[in-house]
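K.L.:
Okay, sequence plus prediction incoming.
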There are 2 protein chains.
Amino acid sequence: MNTHDLDGLSQRATGLVIELSAAIVAVTDEEPKILLVSPSEPAPRSGLPAGPFDPAGHRTLEEGLRSWVEEQTALHLGYVEQLYTFGDRFRDPQERAGGPRPVSVGYVALVRQTALKNTDKSPGESTWGDWYRYFPWEDWRDGPPALLDALIAPRLAAWAEAAGPKPDKNRRRERVNLAFGFDGGSWDNERVLDRYELLYEAGLVFEAVFDAHRDPAEAAAQTGAALIKDHRRILATAMGRLRAKIKYRPVIFELMAPTFTLFQLQRAVEALSGGRLHKQNFRRLVAHEGLVEPTGHISSQTGGRPAELFRFRREVVHERPAPGVRVAVQARKRAG
Amino acid sequence: MNTHDLDGLSQRATGLVIELSAAIVAVTDEEPKILLVSPSEPAPRSGLPAGPFDPAGHRTLEEGLRSWVEEQTALHLGYVEQLYTFGDRFRDPQERAGGPRPVSVGYVALVRQTALKNTDKSPGESTWGDWYRYFPWEDWRDGPPALLDALIAPRLAAWAEAAGPKPDKNRRRERVNLAFGFDGGSWDNERVLDRYELLYEAGLVFEAVFDAHRDPAEAAAQTGAALIKDHRRILATAMGRLRAKIKYRPVIFELMAPTFTLFQLQRAVEALSGGRLHKQNFRRLVAHEGLVEPTGHISSQTGGRPAELFRFRREVVHERPAPGVRVAVQARKRAG
DNA sequence: TCAAAAGTGTTATCCTTACACCCATGT
DNA sequence: ACATGGGTGTAAGGATAACACTTTTGA
């Protein structure tokens, strides 16, 4: 999945191609995972499952996406949601080399842990990767990531104060403080894209260095692993959207096995949210909101006292206007 | 602005064109307005400002949109947000006639009331229209619209119960009840798109009849005024997004003059939300959230006791994680 | 004088958050 | 015994929604 594949196709003539890309998310062993494909080309980086939209063959954009994913990963998608359409010039180096102008429509899809096993032996080279590998600064489950104060804060400060008119400096500083909660502000776990875009603009992610054809040695300043094209941007959008959405739609259950303990559910929410939740209140909350119902069965695989297994109560969508795990991630105010 | 314009352009060869469309919203005299252009073609319907994305000339999608809007309406856009990308086959009748496959990227833009006057005499044929003209069932400010019980409910029920396997019927009935709050459910003012899509699928909006090349006499069942192509769908998306967004982002102030009374602000929120708010609580809320600050000036144009003029407190975005007019539209439980 | 809108005060209720504490299992 | 996770009770504080009521203007 690479713009090279398109040379010679009719899209060439127009200089315009729509690429459909999917961030496919699962939660396994309490860790958030993302499905990746490794292009056969000698590319050093992997990417999301993706493929060009076929105006003649695809009835809708989403259908086109589903067929590409099925072809590349032998995975059948359930929940799929469109995220955003990116069309910035030169996010794909192929474009400078005379390739077509890529416009990419990003999607997020959720699959169950059980589906994961089935596709371990999938065709092609698709693999599951830890999504925090690409955004280490987004994982606050063990407290504020050291990376933030050690590397990101000073680098972004330097970028914000760089040469230029004063209003520009102020605006940059403002954006940094807002997105990262640096100057007394608080960390908003939904602003994943804002943060990634700032790091990109400041040249602190590999993609930025690469896209600008600057010295790859600068990649030493690299924060997180890179993906091809603007796939990491799509992944950031997916993360932000999911973190927002679990609060008012029961999407988390798309990631769970048919039955689960409340603790497993909590871990899954924490995995996406990137923070810890208050156990007792979490349990009361999901019960109170009518999101789950007991199955009567017991799991003894807990490592402690056996736990009751629950299932998702589908009826909840009729009872409440916005059913979701409306949990406040435990406040850990950053120092300074 | 019409796919005809594209014939002969390079896009022709590919059968693919990206159309950029904007729902430009303002609030004047307490009424929500939408900017429309009337194509010079002998089309019976008007549409949103729109134009094709130019891969060679436009640096980003949003920049392309802005340049088309400025060209067509002489209006400079401030706040702009991308909504969704639609690519369903045959939403544009031109496509059946051998035209290129249109993929449209929809945007919503907000402009101030003051900007409105400046463009009354704009070039081209752009005019402001009442947005509830296109969605009469969305305006609950004077109570539940009669249209709902009189026309929409029975027609949708008939559609849901139409021939087909039982699971399909159930699913259709479910969707209708959820979207319109018919069966004891409540009206969620954000589900604008869900409702429009159902009406479209059920053949109850003009566009559906027209697109399917069915007897235009059926347009008698028309609910709301029609727009060209899928522009009404984009407008529905814009409405839903705005109604959601005013609750957690201070976007409403993009529509207000620099200073305003609290009642004007309330009316603007009501105009978008389509419902009434509790006056006393609204005032306390915006004050309490720190969204506004008094200017010290007084307006006597109120029709009653003179009111203090307020302005938006920009600093609020630093103080709260999600500043917005988090108001509950006054509950008017539907009968039945 | 009356209608219309600006404002203030008060209360009951619900939700959130935090803390304390006991229960059952495996090692 | 103790670590780990399951599970219950309760109380303080804040936000919300619904009232009632007074004030100030223009027609």
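P.N.:
Perfect, I can see it now. Just so you know, these numbers come straight off a predicted model, no measurement behind them. Residues are numbered from 1 along each chain as shown, chains lettered A, B, ... in the order given.
K.L.:
Check for me that A:L36 belongs to a strand.
P.N.:
Yes. Checked against DSSP: H, G, I helix; E, B strand; the rest coil, A:L36 lies within a strand.
K.L.:
Run a quick neighbour tally on the residue lying closest to A:Q264 once chain neighbours are set aside.
P.N.:
Distances taken as C-beta to C-beta, 6 or more residues apart in numbering or on different chains put A:M256 closest to A:Q264, at 7.2 Å, once the chain neighbours are dropped. C-beta here means a position set from N, CA and C on the backbone, and glycine is covered the same way. Around A:M256 there are 20 other residues, counting by other C-beta atoms under 10 Å in any protein chain shown.
K.L.:
mind giving me the domain split of chain A?
P.N.:
A:3-133, A:138-224, A:248-319 (automatic domain parsing).
K.L.:
Among these, which comes closest to B:H288?
P.N.:
domain A:138-224 (18.6 Å; C-beta to C-beta).
K.L.:
do you know how far the residue of the stretch 101-250 of chain A found nearest DNA strand D is from B:R173?
P.N.:
Nearest residue of the stretch 101-250 of chain A to DNA strand D, counting by C-beta to the nearest atom of the strand: A:R141, 13.2 Å away. Computed as C-beta to C-beta, to the nearest Å, the A:R141 to B:R173 distance reads 42 Å.
K.L.:
check contacts around A:W128.
P.N.:
Each residue near A:W128 by C-beta atoms under 8 Å, 6 or more residues apart in numbering or on different chains is listed here: A:26, A:28, A:33-36, A:116.
K.L.:
Please tabulate those in a markdown table, including the columns neighbour count.
P.N.:
Formatted as a markdown table, the contacts of A:W128 follow (neighbours: other C-beta atoms under 10 Å in any protein chain shown):
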| residue | neighbour count |
| --- | --- |
| A:A26 | 25 |
| A:T28 | 17 |
| A:K33 | 23 |
| A:I34 | 22 |
| A:L35 | 24 |
| A:L36 | 25 |
| A:L116 | 17 |
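K.L.:
Now for those: which two are most distant?
P.N.:
It's A:T28 and A:L36 that sit farthest apart of the contacts of A:W128, by C-beta to C-beta, at 14.3 Å.
K.L.:
and the gap between the closest residue to A:E254 other than its chain neighbours and DNA strand C?
P.N.:
Nearest residue to A:E254 in three dimensions, chain neighbours excluded: A:L110, at 3.9 Å (C-beta to C-beta, 6+ apart). Distance from A:L110 to DNA strand C, counting by C-beta to the nearest atom of the strand, to the nearest Å: 24 Å.
K.L.:
Tell me the bridge partners for A:L110.
P.N.:
Beta-bridge pairing of A:L110 under DSSP bridges involves A:V25, A:Y79.
K.L.:
okay, now it: neighbour count?
P.N.:
With other C-beta under 10 Å as criterion, A:L110 counts 24.
K.L.:
Enumerate every residue touching it.
P.N.:
With contact set as C-beta under 8 Å, 6+ apart, A:L110 has these partners: A:24-26, A:78-79, A:242, A:251, A:254-255.
K.L.:
what stretches of the stretch 151-300 of chain A score poorly on pLDDT?
P.N.:
By pLDDT under 70, the weakly predicted segments of the stretch 151-300 of chain A are A:209-222.
K.L.:
Next to DNA strand C in this structure, residues from it, please.
P.N.:
Listed as neighbours of DNA strand C in the stretch 151-300 of chain A under the rule C-beta under 7 Å from any atom of the strand: A:278, A:280-281, A:284-285, A:288, A:300.
K.L.:
export the residues you listed to CSV and tack on secondary structure and neighbour count?
P.N.:
Converted to CSV, those look like this (DSSP: H, G, I helix; E, B strand; the rest coil; neighbours: other C-beta atoms under 10 Å in any protein chain shown):
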residue, secondary structure, neighbour count
A:H278, coil, 14
A:Q280, helix, 8
A:N281, helix, 13
A:R284, helix, 11
A:L285, helix, 17
A:H288, helix, 9
A:S300, coil, 9
